[in-house]
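Peer 1: When you get a sec, could you give me coordinates for this:
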Amino acid sequence: MNNYTDRIMELVQETESNIYNIEKIIYTGRYSYLENDFKVISKQSLVMLYSLWEGFVQDVFGIFLDEVNNNVNSIYDLKDDFMLSQVESTFQQFKEYPKKDNSRKKFHNGLFSFFKESNHNLNKIVRCNNNVEIDVLNKLLVTYCMDEIPNNWREYSRPNKNLKDTLKDFLHYRNNQAHGNRAATEVIVSHNDFEIYKKVVIDLIYEVSEKIEKCLTRKNYLKQNGVP
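Peer 2: Predicted coordinates:
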C-alpha cells in the first residue's frame, strides 16, 4: 500500500470518527440537556460539521500536493490547469496588478526567475475561502486533473435536492450560526437536520478520496499521461 493511501485512509477515518462523536455527544441521548442548553449546543453542530468538511478538503488536497511534489521536478511536467494554478498561487500579483513601478519590476523579475528555473517545489496552499460548495470543490478537482462531481449525483437528484442545493443549504446553515444571525439564534438543529448534512459530507469524503487516489496512482496530473 502506498504511503499516500495510508495517509488518506487515516484522514478519512479520523474525520468520520469526529463526525460521529459530534452526533453521539449532542443527539443520541448519551448526555441529558436542559431545553435551552440543547438549543445552544445543537445549533453549533452544523458549524462543527462544516469545519470538519472544510478541514478535510484542505488536508486531503494537501496530501495530494505532497505526493505530486515528491514525483515531479518541474511545474512544466504538469498539465496546463495544474501548472497555471501553481503560477497564480505563487504570484498573488496576478489577482491585483501592482501599481507602483518598483512593485511591478519586482513582480516581473520574480516571474522571469521563476520560469527560468528547471526545478520547482509546489505551492501546497489549498484555498477554500471558507466555502466548500460544489463549485469550489469541482474547481479543485478539475485544476488537479480529476473529473467533476455532477450536481445530480447518486441520490442527490430528483425528487431529492441535488448536490449543489444540498451543499448551498449546508453553507447557509453554517453561516447563519457562525456569524450570529439573530433569527438563527432561535433555531434548534434537529437530529434529522444533522443527519442530512452528515450523510452528504461522508459521501463526499469517500468520493473525493477515491478520485485523488486514482489520480495519484495513474499519475493523471502529468502532461505525458494525456492531453495538456
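Peer 1: can I get the CA coordinates of stretch 49-63 in PDB?
Peer 2: The C-alpha trace of stretch 49-63 is given here as PDB (Å, rounded to 0.1, in the frame of the first residue of the first chain):
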ATOM      1  CA  LEU A  49     -19.600  19.600  10.900                       C
ATOM      2  CA  TYR A  50     -18.800  22.200   8.300                       C
ATOM      3  CA  SER A  51     -15.500  22.800   9.900                       C
ATOM      4  CA  LEU A  52     -14.600  19.100   9.600                       C
ATOM      5  CA  TRP A  53     -15.700  19.100   6.000                       C
ATOM      6  CA  GLU A  54     -13.600  22.200   5.100                       C
ATOM      7  CA  GLY A  55     -10.700  20.900   7.000                       C
ATOM      8  CA  PHE A  56     -10.900  17.500   5.300                       C
ATOM      9  CA  VAL A  57     -10.800  19.200   1.800                       C
ATOM     10  CA  GLN A  58      -7.800  21.200   2.700                       C
ATOM     11  CA  ASP A  59      -6.000  18.300   4.200                       C
ATOM     12  CA  VAL A  60      -6.700  15.700   1.600                       C
ATOM     13  CA  PHE A  61      -5.700  18.000  -1.300                       C
ATOM     14  CA  GLY A  62      -2.600  18.800   0.800                       C
ATOM     15  CA  ILE A  63      -1.700  15.100   0.800                       C
END
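Peer 1: List the buried residues for the helix or strand hosting T217?
Peer 2: Assigned by DSSP states H and E, T217 belongs to helix 191-218. Across helix 191-218, burial judged by 16 or more other CB atoms under 10 Å covers 193-194, 196-198, 200-205, 208-209, 211-213, 215-216. Just so you know, the C-beta spots here come from the backbone N, C-alpha and C atoms, and that holds for glycine as well.
Peer 1: repeat for stretch 34-43
Peer 2: Those would be F38, I41, S42, K43, for stretch 34-43 by 16+ other CB under 10 Å.
Peer 1: May I have it as PDB, with CA atoms only?
Peer 2: Output of stretch 34-43 as PDB, limited to C-alpha atoms (Å, rounded to 0.1, in the frame of the first residue of the first chain):
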ATOM      1  CA  LEU A  34     -31.900  21.300  29.600                       C
ATOM      2  CA  GLU A  35     -34.000  22.600  26.700                       C
ATOM      3  CA  ASN A  36     -32.200  26.000  26.400                       C
ATOM      4  CA  ASP A  37     -28.800  24.200  26.700                       C
ATOM      5  CA  PHE A  38     -29.700  21.900  23.900                       C
ATOM      6  CA  LYS A  39     -30.800  24.800  21.700                       C
ATOM      7  CA  VAL A  40     -27.400  26.400  22.200                       C
ATOM      8  CA  ILE A  41     -25.400  23.200  21.700                       C
ATOM      9  CA  SER A  42     -27.400  21.800  18.700                       C
ATOM     10  CA  LYS A  43     -27.100  25.000  16.700                       C
END
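Peer 1: coming back round to it: how far does the helix holding T217 sit from its chain's centre?
Peer 2: Offset of helix 191-218 from its chain centre (CA atoms, centre = their mean, to the nearest Å): 11 Å.
Peer 1: Could you do stretch 52-67 as well?
Peer 2: With CA atoms, centre = their mean, you get 7 Å for stretch 52-67.
Peer 1: just stretch 126-140 next, same as before
Peer 2: Put simply, stretch 126-140 sits 5 Å off its chain's centre (CA atoms, centre = their mean).
Peer 1: end to end, how far does that stretch reach?
Peer 2: Using CA to CA, to the nearest Å, one end of stretch 126-140 lies 9 Å from the other.
Peer 1: contacts for it?
Peer 2: Identification of contacts with stretch 126-140 by CB atoms under 8 Å, 6 or more residues apart in numbering yields 53-54, 57-58, 61-62, 65, 89, 148-149, 151, 163-164, 167-168, 171, 204, 208.
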